[in-house]
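*Asks:* what's the 3D shape of this:
(2 chains)
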Amino acid sequence: MVCIRCNAENEEGARFCTACGAPQGIVCTRCGKLNRLEDSYCESCGLTLASSAQEDASASASSLTTPVATKQYTAQEIEDLLSLRKVLVKKEDASSKTLSQEDIDNLFK
Amino acid sequence: MALPYRTLVVDDSAHMRMLLTKLLKRCGFEFVEGAENGKVGLEKFESFKPHVVFLDGIMPEMDGLTVLRVIKSRTPEAVVVITSSLSEREKVLQFKESGAEFYLMKPFEEAKFMETAQKVISTLDNRSKDV
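*Replies:* Residues are numbered from 1 along each chain as shown, chains lettered A, B, ... in the order given. Next up is the predicted model:
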């Protein structure tokens, strides 16, 4: 059988795709029986297969091609962040600096 | 020529106390006492009433910074020379802000010690003129 999400070849009756992990049908929440996508009731126990389960399966199938939302920074924001980093690094260097005797003499003048 | 100034050397290293005492006597400081830690140093400061203190930065019992702050709160006119291997800017600044007049970083060369000792003598001379 072919995976409904990634089209990989799986053994007949496989509950999940061995390539992408997608469920191959609707798993009954009561007895765990794997039903076909078009089934409305569980073949084993008769439980109504919730439509949400079908939606989950569809969402799972499409997730490979849906881009993940990420924050987009403007050029100005990137510039500001880089400037801030420079200031912080400089400040850290100044506070952790070790002094020579000459530096100390100048400090104590 | 013997100087009229009393000097206290506070350092947990016996070798350093001996070395500083020897160098101080070579500069003319006749009256030199030693203390092996900060606590004893403060006791001797009260009894000996030194004009100048050579104070180690890191010591058991009480560290140099604490001793310095006590000395300066009781006798601000006492000249304090920190002798320490601490070289971090923040640490050195703490000693300066707490009132130390000089800071001699260990290990030091004899010439540098002599230069600092001359500055100490000038400071003491100027202060005694003002009194």
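
*Asks:* next, the distance between the ends of stretch B:70-88.
*Replies:* 22 Å (CA to CA, to the nearest Å).

*Asks:* oops, could you answer that again for stretch B:79-88 instead?
*Replies:* End-to-end distance (CA to CA), stretch B:79-88: 22 Å.

*Asks:* any part of that stretch near chain A?
*Replies:* Yes - using CB under 8 Å from any CB of the partner chain, stretch B:79-88 comes into contact with chain A via B:87, B:88. For the C-beta atoms, the positions are set from N, CA and C on the backbone; glycine is no exception.

*Asks:* what's in contact with that stretch?
*Replies:* A:96-100, A:104, B:11, B:16, B:20, B:51-58, B:64, B:68, B:71-72, B:92, B:95, B:99-108, B:116, B:120, B:123-124, B:127 (CB atoms under 8 Å, 6 or more residues apart in numbering or on different chains).

*Asks:* output the below-cut-off pLDDT ranges for chain B.
*Replies:* The model of chain B has pLDDT under 70 over residues B:130-131.

*Asks:* flag every residue of it that's near chain A.
*Replies:* So chain B meets chain A at B:87-90, B:92-93, B:96, B:100-105, B:108, B:112 (CB under 8 Å from any CB).

*Asks:* repeat that with 10 Å
*Replies:* B:82, B:86-93, B:95-96, B:100-105, B:108-109, B:112, B:115-116, B:119 (CB under 10 Å from any CB of the partner chain).

*Asks:* related to what we said a few turns ago, buried among the contacts of stretch B:79-88? Make that a PyMOL selection.
*Replies:* Selecting only the buried entries of those in PyMOL, with 16 or more other CB atoms under 10 Å in any protein chain shown as the criterion:
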select buried, (chain A and resi 99+104) or (chain B and resi 11+16+20+51+52+53+54+55+56+57+64+68+71+92+95+100+101+102+103+104+105+106+108+116+120+123+124)
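
*Asks:* sitting in helices, which of the contacts of stretch B:79-88 do you find?
*Replies:* Mapping those onto helices (DSSP state H) picks out A:96, A:104, B:16, B:20, B:64, B:68, B:71-72, B:92, B:95, B:116, B:120, B:123-124, B:127.

*Asks:* all set now, cheers.
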